[in-house]
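Chemist: below are the sequence and a predicted model for it; my questions follow.
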Amino acid sequence: MSTVIENPGEQVEKHFEELETVTIRFAGDSGDGMQLTGTQFTNTSAVLGNDISTLPDFPAEIRAPAGILPGVSGFQLNFSSRDIKTPGDQPNVLVAMNPAALKVNLSDLEDGGTIIVNTDGFTPENLKYAAYKSNPLEDGSLAGYRVHKLPISTLNMNALKGAVQLSRKEMDRSKNFFALGVLYWLYDRPIEPTLKWINAKFGKNPELAKANEIAVKTGYNFADTTEVFTTHYTVKKAQIAPGKYRKITGNEATALGFVAASQLAARPLFYGSYPITPASDILHELSQYKHFGVITFQAEDEIAAITSAIGASYTGCLSITTTSGPGMALKTEALGLAVCTEIPLVICDIQRGGPSTGLPTKTEQADLLQALFGRNSEAPIPVLAAATPGDCFWVALEAARIALKYMIPVIVLSDGYLANGAEPWRIPKAEDIPPFPVRFATDPVGFMPYKRDPQTLARPWARPGTPGLEHRIGGLEKQDGTGNVNYEPLNHENMVRVRAAKVAAIGQDVPNVLPEGDPSGDLLVVSWGSTAGSITAAVKSARARGCKIGHLHLRYLNPLPGNVGEILKRYKKVLVPELNMGQLLWVLRAKYLVDAVGLNKIQGRPFKQAELEQKFDEMLGIQGNHR
C-alpha cells in the first residue's frame, strides 16, 4: 500500500542512500514554471558532473486555462553517475503541482515510484477540470506509490508574507522554486548555482529576486528539518572523457555550429527565418552573436525567409534558414530555385508532429521523404540528420561545409526531442576544427558561371559587382557552362543529370560507417536522427543478455555512405525503428532490396528502451518482459 506523508513534525535523523541513476519529472500548469524548474535542476546536476539527458514536454496551447489536461507542462530529467543515452523510460519521481499534472503523467511513473504533490492545487474546481470524480489523494487510487502530500503554495506564501513587497499573485508564482528547493535537498544538490542565477535574472527587480531566493531556501530547509523525508539521496559524478563541458540543447548547438562555420569559412553569417515551433530558439540564440558578424532577419513569412537567405548567399554570405515541417512545405518552390541556381544554402527542418499544424510541441521524424523528394521535377538535395543534442553542432558545421564546397543547398533534419533536449557537451578546441575558406571567382578571363570544378562539379561563386563577371541568375533552365537561359531538350537532360551527379559526388566526403556492437549476426538495427540514444541503450542491454545484434546509425541520408549495402548483408534480419510510418525503411528496401522490418511509433514521443528491446526479442524469438 502507499506511504502517505502529510504533516511535518520534529526533526528526525536523516540518512544518505547512493543511487546510480535517477529520473525526475516536474509537471504542472504551463504557468507553474516547470520548464524553468527542470532547467535549473539540470544545470545544477551538470555542474556537479553528472551525465544528463532531458525531455521537456510543452503544451501546444498558448496560455491554456489553468487546471485543464491539455495545458499540462512537463520536464523530465535523467541524471546519472554513468554514461546515459536517454531521458529515462519511466520517472522514479513525479512532482505534480495540480490534479491535471498527476492524471496526465501518472501512467508513466514506475511502480512504487515517488509522488510529490502540491495539495493546495487539489481544489474541487481543479479536480473537475482534470475529470476526477473523487480526490486521488484520498480515494486510495495511489496505492502502490510513495506519496508525499505537501501544501506547497501555503508553505511558500507563509515564508514570503511580510518578507517581500509583492502581490499575492506574484508571490505564488515562486512556488516552483519552493518545490525545487525540496528536490535539491532530496537529491543532495547545492542551491548556490540557482541563487546565483536568480540574482542575475532578476537583478533589476530586487523584490522578485528576494522572493525566489526565499522560496528555494525555504523548500530546502523544509525538507531538511521535517520528518517528511527521512532519506536523501546522492548521485556521484560521472566518469567522462577529460575536457571542458557545458550543458547544451540541440537548438543551442545548431546555432553555435553555424557561428563556428561562419568563422571557419571566413564568411558573414546571414540567418533569415520565420518563427515556428520548435525551431524559433535558433533565431533567439543567433541574435546574440552580432559581435561575430551574424545578421539575423525575422521575415514576415516562410517564403520571404528562404528567399532572403538565397539573396544573401548570392552576395557571398553563408546563408541559413530554419523551419519545421509546415514551413518546409512553404519553402519548397524557393528550394527548387536554390537547386537550379546552384547556390550555397543550409535549410534546417526541426521536425514536429503533423500533418498541417499537427502537434506543434511534440516530436516526430516524418519529414525524411519530404526532404529527399519534396520538390517539383528532379531537384536532389543532400540531407544530413543529427543524432544527439550535441551532435547538432557538428551536423550544422558539416552542412555548411558541404554547401560552400559544392555550391549546393543542404537540408539538415533535427526534431523537437533534440531541439529542446539537453546533454553535457564537450566543447571542442577551435584549432582542432579544420577551416574551409571560400574562394570567389575574380578573373574575368575565361569566366563562365556554370563552368564546373572537375572534382566537385561546383560552379564558380561570383559575387555581384565583380568587374567582368556579370552573369544571369534565376530559376529558368541554364545552358551548361554559359549560364544563359536555354530550353533545348538535350541541355535540360544534361543539367538535370549534372545536378544529380553533384549530389552523388558528395559521397566522396561521406565516410564509411561501422555498426556498433556485433559486426555481423542475427539482427541489425538501423537508425537515423534522434532515435540514436534509445536504440544505443537498447542494443547495449540486449547484447549484455547474449543477443548477437549490431546497430548502424546514419547521419548522411543523401547520399548514403557507400558501404551501407554491404553491411546490411551481414545480418540475418534488419530492423528500422522510426518515429514515422517507415520512411527510411522505404528507402532501404527500394535501394538495397533488403527485407527490412519497421518498428513505427507516431505518438509525439520518443522510443522507450523497453519497447525497443521487446521488438528485438520478438524478432529473435526470445520470450521476455522489459517494462
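Modeler: Great, that's in hand. Numbers count the residues shown, from 1 in each chain.
Chemist: how about low-confidence regions in the stretch 501-627 of the chain?
Modeler: For the stretch 501-627 of the chain, the stretches flagged by pLDDT under 70 are 624-627.
Chemist: settle this for me: residue 499 is touching residue 380, isn't it.
Modeler: Yes - counting by Cβ atoms under 8 Å, residue 499 touches residue 380, with 6.6 Å between them. Every C-beta, even on glycine, is put in place using the N, C-alpha and C of the backbone.
Chemist: what touches both of the two?
Modeler: With Cβ atoms under 8 Å, 6 or more residues apart in numbering applied, the overlap between the contact sets of residue 499 and residue 380 consists of residue 339.
Chemist: max-length helix in the protein?
Modeler: Using DSSP state H, we find that the single longest helix of the chain is helix 206-225.
Chemist: how confident was the prediction at residue 418?
Modeler: At residue 418, the model reports a pLDDT of 97.
Chemist: just use 571 as the starting number from now, easier for me
Modeler: Understood, numbering begins at 571; the last thing we discussed is residue 988.
Chemist: which residue is the nearest non-sequential neighbour of it?
Modeler: residue 820 (3.7 Å; Cβ to Cβ, 6 or more residues apart in numbering).
Chemist: and the pLDDT for the one you found?
Modeler: Note on residue 820: pLDDT of 98.
Chemist: which residues touch it?
Modeler: Residues counted as contacts of residue 820 (Cβ under 8 Å, 6+ apart) are 956, 958, 959, 962, 984, 988, 989, 990, 991.
Chemist: neighbours of residue 927, how many?
Modeler: 12 (other Cβ atoms under 10 Å).
Chemist: same question for residue 1086.
Modeler: Residues contacting residue 1086 under the criterion other Cβ under 10 Å number 17.
Chemist: so what's it closest to, chain neighbours aside?
Modeler: Using Cβ to Cβ, 6+ apart, the closest residue to residue 1086 is residue 1121 (4.6 Å).
Chemist: helix or strand right after the helix or strand that contains residue 989?
Modeler: Using DSSP states H and E, residue 989 sits within helix 986-990. For helix 986-990, the succeeding helix or strand toward the C-terminus, using DSSP H and E, is strand 992-996.
Chemist: tell me which strands and helices that next one is in contact with?
Modeler: strand 621-627, strand 815-819 (3 or more Cβ pairs under 8 Å, 6 or more residues apart in numbering; DSSP states H and E).
Chemist: any chance of a markdown table for those, columns mean neighbour count and distance to residue 885?
Modeler: Output for the helices and strands packed on strand 992-996, formatted as a markdown table (neighbours: other Cβ atoms under 10 Å; distance: least, Cβ to Cβ, whole Å):
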| stretch | mean neighbour count | distance to residue 885 |
| --- | --- | --- |
| strand 621-627 | 24 | 38 |
| strand 815-819 | 20 | 31 |
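Chemist: tell me which of those sits nearest to residue 1187.
Modeler: Proximity to residue 1187 (Cβ to Cβ) singles out strand 621-627 among the helices and strands packed on strand 992-996, at 24.3 Å.
Chemist: let me see the contact set for the residue with the largest distance to the centre of the chain.
Modeler: Distance to the chain centre peaks in the chain at residue 1015, reaching 48.3 Å (criterion: Cα atoms, centre = their mean). By Cβ under 8 Å, 6+ apart, residue 1015 lies in contact with nothing.
Chemist: that one in helix, strand or coil?
Modeler: Three-state assignment for residue 1015 (DSSP: H, G, I helix; E, B strand; the rest coil): coil.
Chemist: same question, residue 649
Modeler: Per three-state DSSP, residue 649 ends up strand.
Chemist: contacts only, for it.
Modeler: The contact partners of residue 649, taken as Cβ under 8 Å, 6+ apart, are 591, 592, 612, 615, 620, 621, 622, 805.
Chemist: if we go to 10 Å?
Modeler: Residue 649 makes contacts with 589, 591-594, 611-612, 614-616, 618, 620-624, 657-658, 757, 759, 805, 808, as judged by Cβ atoms under 10 Å, 6 or more residues apart in numbering.
Chemist: and the longest helix of the chain, what's buried?
Modeler: Neighbour-count burial for helix 776-795, counted by 16 or more other Cβ atoms under 10 Å, picks out 778-790, 792-794.
Chemist: what's the closest of these to residue 672?
Modeler: Taking Cβ to Cβ as the measure, residue 672 lies nearest residue 789 of the buried residues of helix 776-795, at 19.5 Å.
Chemist: please enumerate the helices of the stretch 621-770 of the chain.
Modeler: With DSSP state H, counting those that start in this stretch, the ranges of helices along the stretch 621-770 of the chain come out as 669-675, 694-699, 722-730, 738-742, 745-756, 762-771.
Chemist: how about those helices, which one is nearest residue 942?
Modeler: Closest among the helices of the stretch 621-770 of the chain, using Cβ to Cβ: helix 669-675, at 35.6 Å.
Chemist: and the closest one, what does it pack onto?
Modeler: Counting by 3 or more Cβ pairs under 10 Å, 6 or more residues apart in numbering; DSSP states H and E, the packing neighbours recorded for helix 669-675 are strand 591-599, strand 642-650, strand 663-666, strand 684-688, helix 694-699.
Chemist: tell me the strands beside the first one, with direction?
Modeler: Strands that pair with strand 591-599, judged by DSSP bridges, come out as strand 642-650 (antiparallel), strand 663-666 (parallel).
Chemist: got the contact list for residue 963?
Modeler: Each residue near residue 963 by Cβ under 10 Å, 6+ apart is listed here: 818, 820, 822-831, 956, 995, 997-998.
Chemist: tell me where the model's unsure across this structure.
Modeler: 571-584, 1194-1197.
Chemist: can you tell me the centre-most residue of it?
Modeler: residue 988 (1.3 Å).
Chemist: and the gap between that one and residue 854?
Modeler: As judged by Cβ to Cβ, to the nearest Å, residue 988 and residue 854 stand 17 Å apart.
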